[in-house]
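Asker: I would like the atomic coordinates for the input below:
(4 chains)
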There are 4 protein chains.
Amino acid sequence: MDATVETSLENLWSWQEDFYKESHRHPELSMQEEQTASRIEKELEGLGLASRRFGGTGVVSVIENGEGPVVLARADIDALPVTEDPVADYRSQADGVMHACGHDFHFSALLGAVRALVEAKQAWSGTYIALFQPGEEAADGARSMLRDGLADAVPRPDVALGQHVMPGIAGQLGVLGGPILSQGDSVHITLHGRGAHGSMPHNAVDPVVLAADIVVRLQQIVSREIQPGTFSVLTVGSLVAGTKSNIIPSTAELRVNLRHYDTDVRDHVIGSLERIVRAECEAAGCPRQPEFEYYDQYPLTDNDAEQAERIRGAFEEAFEDGQVVTPPRQTASEDFSNIPDAFGAPYVYWIVGGTDPGTYRAAVENGTVAQDVPANHQSGFVPELHPTLEVMTRAQVVAALAYLGSRP
Amino acid sequence: MDATVETSLENLWSWQEDFYKESHRHPELSMQEEQTASRIEKELEGLGLASRRFGGTGVVSVIENGEGPVVLARADIDALPVTEDPVADYRSQADGVMHACGHDFHFSALLGAVRALVEAKQAWSGTYIALFQPGEEAADGARSMLRDGLADAVPRPDVALGQHVMPGIAGQLGVLGGPILSQGDSVHITLHGRGAHGSMPHNAVDPVVLAADIVVRLQQIVSREIQPGTFSVLTVGSLVAGTKSNIIPSTAELRVNLRHYDTDVRDHVIGSLERIVRAECEAAGCPRQPEFEYYDQYPLTDNDAEQAERIRGAFEEAFEDGQVVTPPRQTASEDFSNIPDAFGAPYVYWIVGGTDPGTYRAAVENGTVAQDVPANHQSGFVPELHPTLEVMTRAQVVAALAYLGSRP
Amino acid sequence: MDATVETSLENLWSWQEDFYKESHRHPELSMQEEQTASRIEKELEGLGLASRRFGGTGVVSVIENGEGPVVLARADIDALPVTEDPVADYRSQADGVMHACGHDFHFSALLGAVRALVEAKQAWSGTYIALFQPGEEAADGARSMLRDGLADAVPRPDVALGQHVMPGIAGQLGVLGGPILSQGDSVHITLHGRGAHGSMPHNAVDPVVLAADIVVRLQQIVSREIQPGTFSVLTVGSLVAGTKSNIIPSTAELRVNLRHYDTDVRDHVIGSLERIVRAECEAAGCPRQPEFEYYDQYPLTDNDAEQAERIRGAFEEAFEDGQVVTPPRQTASEDFSNIPDAFGAPYVYWIVGGTDPGTYRAAVENGTVAQDVPANHQSGFVPELHPTLEVMTRAQVVAALAYLGSRP
Amino acid sequence: MDATVETSLENLWSWQEDFYKESHRHPELSMQEEQTASRIEKELEGLGLASRRFGGTGVVSVIENGEGPVVLARADIDALPVTEDPVADYRSQADGVMHACGHDFHFSALLGAVRALVEAKQAWSGTYIALFQPGEEAADGARSMLRDGLADAVPRPDVALGQHVMPGIAGQLGVLGGPILSQGDSVHITLHGRGAHGSMPHNAVDPVVLAADIVVRLQQIVSREIQPGTFSVLTVGSLVAGTKSNIIPSTAELRVNLRHYDTDVRDHVIGSLERIVRAECEAAGCPRQPEFEYYDQYPLTDNDAEQAERIRGAFEEAFEDGQVVTPPRQTASEDFSNIPDAFGAPYVYWIVGGTDPGTYRAAVENGTVAQDVPANHQSGFVPELHPTLEVMTRAQVVAALAYLGSRP
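Answerer: Alright, predicted model coming up:
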């Protein structure tokens, strides 16, 4: 890598560590990231960069540096309603709120990359768009920025970049072409039966039995309708009906989650889900149609194969042997791809390990990863600061330069 | 009927109406009937009668009046956590508490009967035990009196009497030999699965699907194991599992209610219920056994056939043609029979209609009883004062005199 | 009873025993009762009576004997495809065919009654219709006689009589007003899925899983839709789908049997059955609608209460103390009532025990009736000849004379 | 390829076409392949080769040709109980028996390869084992040869080779490392309930409902227990219980088929299958344990990755551009791998298309492959003779020479 960039990266760690810890201490919930957005704006301003808000607490800065491609790099900035375990000395000072998904790593790394690129402007040419996105956990932050005019306000990127810290050897980079994060859908289904005293089932249309029938029946979508070996998850995470033993309630509520890597399969499953629920309500003789409310809908994160190959190549050159791996597809979901999709732009989303290597390797060996390694959204998920943050910062720079760095 | 008794009954209405309205205005929840018990004690004292507390708020007065049989008459005194509809001018003044099951009719009538019998002592001979029971709605009031020594403190009754007001033509008396109220059992079942992220069902033992399997499977007890035509109700009134769509919870909770007229059938159903739940947990590979907690267990109310015939005869003589009927078995439950069962004494429990006759007849004709006639436990259940209260008072006297009135 | 009748009855035993044994030796399947019908016609002719065929092998003789009521007595004449156990010395000589339902007792008794009534014509007045019905086991014999003009060819009866031998103390008569035999319906349901190789469920609409869903779901009609305590049976006696493990078949077949004492309940169950099956086929995404074929449909046998009381009184007078009892409702079915229903005539159908008293009482005591006492349709069901046949003959005469015997 | 081999291959077509047609006309069922084995022996003899029988109708010839590796090539020889559609002029002359799985292609090609190799002995060095296996369709042919001592009678091969003709562009070769054919298991499950008259479910343990419960419950293995995206098929191909609507039978029978590419997953599924069936029988209160009979068990066909690469390379060199492809895993199963597994030898099993290219491409375009292209086991499955048979013969030679052809 260009020596100026290298020097710039080396010089920013002390600033970056402070910035990260400050951010970790002050997490904010989705779409309420006021302080976070202000802190980011202040840093950009300090670098002499203009920025603009989108969707309330989203911050975008477009850095033009001559002719060349347009690269968009995105980091999400919101935290979760989780009470932090006392793992590190820089723990959250907000009651019941925590950066339990590691987004503080994401935006600290992106700010670091901006800093390095601004300081080494002679090393590249083109346009770099730094995008700080709110509300990823609410599945609506990317869309809120787009609704606020993002797509008309910035140039169409040639490629969009995103990354996520997660359990794995700290600093290990996982790059995969094609689907890497699943498409996620949640459905809230309300069933309308008819209530009655518990001793008079003949006066009721029992929604408890109906809900049970439906949960059992829905299993047959994955077991019979989906081609064996195709990834498709249908989970009924919640079934709530009635409060007393001797009163047949009049409604029941199901909350269903779907995960897919293939939108056709997902569409088929949603069609079958609705068909089965409606038919079961008919079988039960329900007085009213069931209601379906879709929420927390995450798009598929489907890396462009060619661009993923390009970035993987750049990573392999810039990092150590064995540091870049091919990860399995992740069952988690993200709203990142809404942004490149709005531009019709290809994108690459990679993952970075954040666990102490000794701990991780021992857990893999013992088959106790699930128990011993804190995962995203858990109260003990505080990734190793070193080398994770440096690697994530450098990764953003390396990936950007794979497009912008061809200056002769 | 003896003229003295008749006169005494006629003279007590004005006192009784006031007492009833005062009682209706001041309902108290199960096992908290302090004011109610005190008011009853004060009335008994006014009649020169000693009384004693059992089970905290239970009141018993033993009226000895020469040789003869022992009759025990019981009235329950507790109210319900229901907010009263503004039906009458004497509505409840206790927030969210209401005599929505008509127990104020029961104890007002029993106090009236005591008054009439005390004033007409020359008309009967024997012992009359007036028993005011708390906590019927909690299924534990009768047992709490027995635990407090009731059975050793009063003479063994030759017969025990109880009555209940309910929807039906006001003042109509229903007497039935054999089972009249069902045996009721509630079971709270906790299922222990293993939680996991919604996208990783293979790491879970899904308690939502397990609970659904169980609800579906339990239907086969009534449909296949019980002799066709035999009364047996198994209702899962509540199924609660999970809160979010994308988290497979680790437990699920069922609340089941059972109703029977035959204890052998009930025992069979409980055996099958436990067998099925345990086996389904095994089928699911649960890490822990399910838990069964039984509560709100009501005994069978099984009228002695001979005594029911005797009381029915007395009623037919004392009331008008058509006023005494043979009701169908009721699916409701009561803890009354715990008391005579503790003495090994026969008992008769009858029911009394409390609805305006025109309203009731029209509803029957239109097939709209369920909608148009307020039923016990509903916020609009305030029985017609006249003639219901007079009939219930007279019925207690007539039934007592069927045993005690044979003085030459 | 009139002495002439008594004498006549006493004189016919030796003829009757021969006739019965001959009949038992030569059973004929439903609607193929050619020999049996001829033997009956020959006997009637021997008594100087005219007779006429209806429905091929049905035989009817109308015996007019002056003014008076019209009584119709019916006996069924067909046998079953059962290979007889070697119980008696007069066993069936037809291969694989046996009078395993005791119809040979029915028509032997009716012929005996005709003989006694013809010989004692001075003891009664009115019209006696002796009706020998084919094809009861096929549920179509009564209807075949009616289709052949029966209702227009004979006078409308004032009452119709029928009886059946079954397990119970030999010679004990059971008379019950109201429903005594259930209404029976059979349904053959064909489900149309789509076949595929067993390893490709996504290409199939799996009718095996669909059929299982339906069988499970149908349980909820009895468990939830029918008023607790109401007799309603829904049995899926047969489920047949596929032949090989690795081929998903394209169809599945269910055979369902329904039993009811209340036609409204039965109609409700059929409605629910069809609703559920259709809805489940929709839930499964079947390419074709399911098919319902109803067969073996038996009407309700619902004795007229007043006439049953009259016959019971006559029986109590004519038989010994304890010989006439009130039986429980029987779950079996009969097509007898089709005949009186065609005339709008009341009817009484009674049952007669045919088991050795010692054997029966011991089995009841040991709770082994199901194992130790051969029941109708079983290969060992050969009722005790004495006194069963005499009682059944006398019962027909006594019941007839309850209407015809009032000659001064 | 060596010119001698090439010439030899070119010279054998006319003999081979006759031999193939003769074989197609005379198919024989599994383990009854007497004529077929004799015809093969006669051909081998004509080439001056000794052969030996294993497992009755299995034929093996070991061709030693100096130093070098040992290659085993296997062809299966049995036919199916299928009546052939009149597709070709050389159709089956055996009633109801047909080479509907294309095994006649397999052994004709192997014999052709033997002929070419024998004629061009100077072109290779080592040992070639030609193995003609009976009874593949019965899942027991390979095992029957091994039980007969095969593993001790021939040298341990360095590699084993097999191939199969199937739908696809005629002459296209599919080579894949790792699992290519699934592991297949069939289970015959007998459930023991207790029979009763259909109107008396309380006397029964209903095996129809139990079987339905089990079929429904088994769906949850794939939907919940298997990691999403992992290939696992559990098909209940047959459920047979009862024959009449009004008799509850005493048993029910299920036939289940399993398909897997991972033996651990398969073992897990079998464990869950047995656990669920046993637990459901307990839930039902069965009087006897269920019975499990495993049959038609096919091993996993799991190509050695390195050898598959080697053969793929040799094919790419020997055939035209685009003729060698990477096929998807096949859900079918084979008993081929039992033979190399007995020696602990690596193996490669490839597939060859046999459909007219125009027909196949049109069907793919129209999405009508399932309807328009006859597949194995169907009555119209007669692969295109040219170029399929030539390609299969050449493929056997090329694959063998990839090991044996390194003679300087």
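Asker: from chain D, how far off is the residue sitting nearest the centre point of chain A?
Answerer: Nearest to the geometric centre of chain A sits residue A:334, at 3.1 Å (CA atoms, centre = their mean). Residue A:334 sits 18 Å away from chain D, going by CB to the nearest CB, to the nearest Å. Any C-beta I mention is one placed from the backbone N, CA and C, and that applies to glycine too.
Asker: thought residue A:311 was touching residue A:399, still the case?
Answerer: Yes: assessed by CB atoms under 8 Å, residue A:399 is found in contact with residue A:311 at 5.0 Å.
Asker: any common contacting residues for the two?
Answerer: Common contact partners of residue A:399 and residue A:311 (CB atoms under 8 Å, 6 or more residues apart in numbering or on different chains): A:161, A:348, A:350.
Asker: hmm, stretch A:204-213 touching chain B?
Answerer: Yes: Stretch A:204-213 is in contact with chain B by CB under 8 Å from any CB of the partner chain, via A:206, A:208-209, A:211-213.
Asker: got it, and stretch A:356-376?
Answerer: Yes: using CB under 8 Å from any CB, stretch A:356-376 reaches chain B at residue A:370.
Asker: domain-wise, how is chain A divided?
Answerer: A:3-180+A:300-404, A:183-298 (automatic domain parsing).
Asker: quick one: the last one to chain centroid distance?
Answerer: This points to domain A:183-298. 27 Å (CA atoms, centre = their mean, to the nearest Å).
Asker: test my guess that residue A:212 contacts residue B:215.
Answerer: Yes: using CB under 8 Å, residue A:212 is in contact with residue B:215, at 3.6 Å.
Asker: looking at these two, which has the bigger crowd around it?
Answerer: residue A:212 (29 against 26; other CB atoms under 10 Å in any protein chain shown).
Asker: mind listing what the more buried one touches?
Answerer: A:239, B:211-216, B:236, B:239.
Asker: that one is in what secondary structure piece?
Answerer: helix A:207-220 (DSSP states H and E).
Asker: over that helix, what's the mean pLDDT, rounded is fine.
Answerer: Confidence for helix A:207-220, expressed as mean pLDDT, is 98.
Asker: check which element follows that helix along the chain.
Answerer: strand A:232-241.
Asker: after that following strand comes which helix or strand?
Answerer: strand A:247-248.
Asker: close to chain C, is that following strand?
Answerer: No: contact of strand A:247-248 with chain C (CB under 8 Å from any CB) is absent, the minimum separation being 9.0 Å.
Asker: partner strands of that strand and their direction?
Answerer: strand A:196-197 (antiparallel) (DSSP bridges).
Asker: quick one, the helix holding residue A:212 and helix C:207-220 angle?
Answerer: Interaxial angle of helix A:207-220 relative to helix C:207-220 (axes from the mean of the first three to the mean of the last three CA atoms, to 10 degrees): 170 degrees.
Asker: just the helices in chain A please.
Answerer: A:3-25, A:34-46, A:103-119, A:141-147, A:150-153, A:207-220, A:263-284, A:305-318, A:338-343, A:357-366, A:369-372, A:388-404 (DSSP state H).
Asker: tell me which strands and helices the fourth one is in contact with?
Answerer: Put plainly, it is helix A:141-147. strand A:58-65, strand A:126-133, helix A:338-343 (3 or more CB pairs under 8 Å, 6 or more residues apart in numbering or on different chains; DSSP states H and E).
Asker: out of the ones you listed, which one sits most buried?
Answerer: Ranked by mean neighbour count, those are led by strand A:126-133 with a mean of 25 (mean count of other CB atoms under 10 Å in any protein chain shown).
Asker: got a list of contacts for that one?
Answerer: Contacts of strand A:126-133 (CB under 8 Å, 6+ apart): A:37, A:40, A:44, A:58-77, A:107, A:110-111, A:113-114, A:117, A:141-142, A:145, A:154-155, A:157, A:336, A:339, A:400, A:403-404.
Asker: again with stretch A:350-360
Answerer: Stretch A:350-360 is contacted from outside by A:102, A:105, A:162-176, A:180, A:311, A:315, A:327, A:330, A:369, A:372-374, A:383-384, A:388, A:391-392, A:395, A:399, using CB under 8 Å, 6+ apart.
Asker: buried members of those into PyMOL, please.
Answerer: Buried residues among those (16 or more other CB atoms under 10 Å in any protein chain shown), as a PyMOL selection:
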select buried, chain A and resi 102+105+162+163+164+165+166+167+168+169+170+171+172+173+174+175+176+180+311+315+327+330+369+373+374+383+384+388+391+392+395+399
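Asker: closest to residue A:20 among the residues of stretch A:204-213 next to chain B?
Answerer: Nearest to residue A:20 out of these is residue A:211 (CB to CB; 46.0 Å).
Asker: hang on, the closest one packs against residue A:239?
Answerer: Yes: shown here, residue A:211 and residue A:239 form a contact pair, counting by CB under 8 Å, at 5.6 Å.
Asker: when those two are compared, which one has more neighbours?
Answerer: Taking other CB under 10 Å, residue A:211 and residue A:239 do not tie; residue A:211 has more neighbours (32 against 29).
Asker: which residue sits closest to the more buried one, ignoring its sequence neighbours?
Answerer: By the measure of CB to CB, 6 or more residues apart in numbering or on different chains, the closest residue to residue A:211 outside its immediate chain neighbours is residue A:252, 3.8 Å from it.
Asker: before we move on, back to that, quick check, nearest of the contacts of residue A:212 to chain C?
Answerer: Of all the contacts of residue A:212, chain C sits closest to residue B:216, with 6.2 Å by CB to the nearest CB.
Asker: mind checking how far that closest one is from residue D:216?
Answerer: Here the distance between residue B:216 and residue D:216 works out to 8 Å (CB to CB, to the nearest Å).
Asker: now for the two: what residues contact both?
Answerer: Common neighbours of residue B:216 and residue D:216 (CB under 8 Å, 6+ apart) are A:216, C:216.
Asker: tell me which of the helices of chain A is the most buried.
Answerer: Buried most deeply of these, by mean count of other CB under 10 Å, is helix A:207-220, with a mean of 27.
Asker: taking strand A:232-241 as reference, get the angle to that one.
Answerer: Counting by the same axes, to 10 degrees, helix A:207-220 lies at 170 degrees to strand A:232-241.
Asker: can you name the residues of the stretch 201-350 of chain A that neighbour chain C?
Answerer: Counting by CB under 8 Å from any CB, the residues of the stretch 201-350 of chain A close to chain C are A:201-202, A:204, A:206, A:209, A:213, A:216-217, A:220, A:223-228, A:272, A:275-276, A:278-280, A:282-283, A:285.
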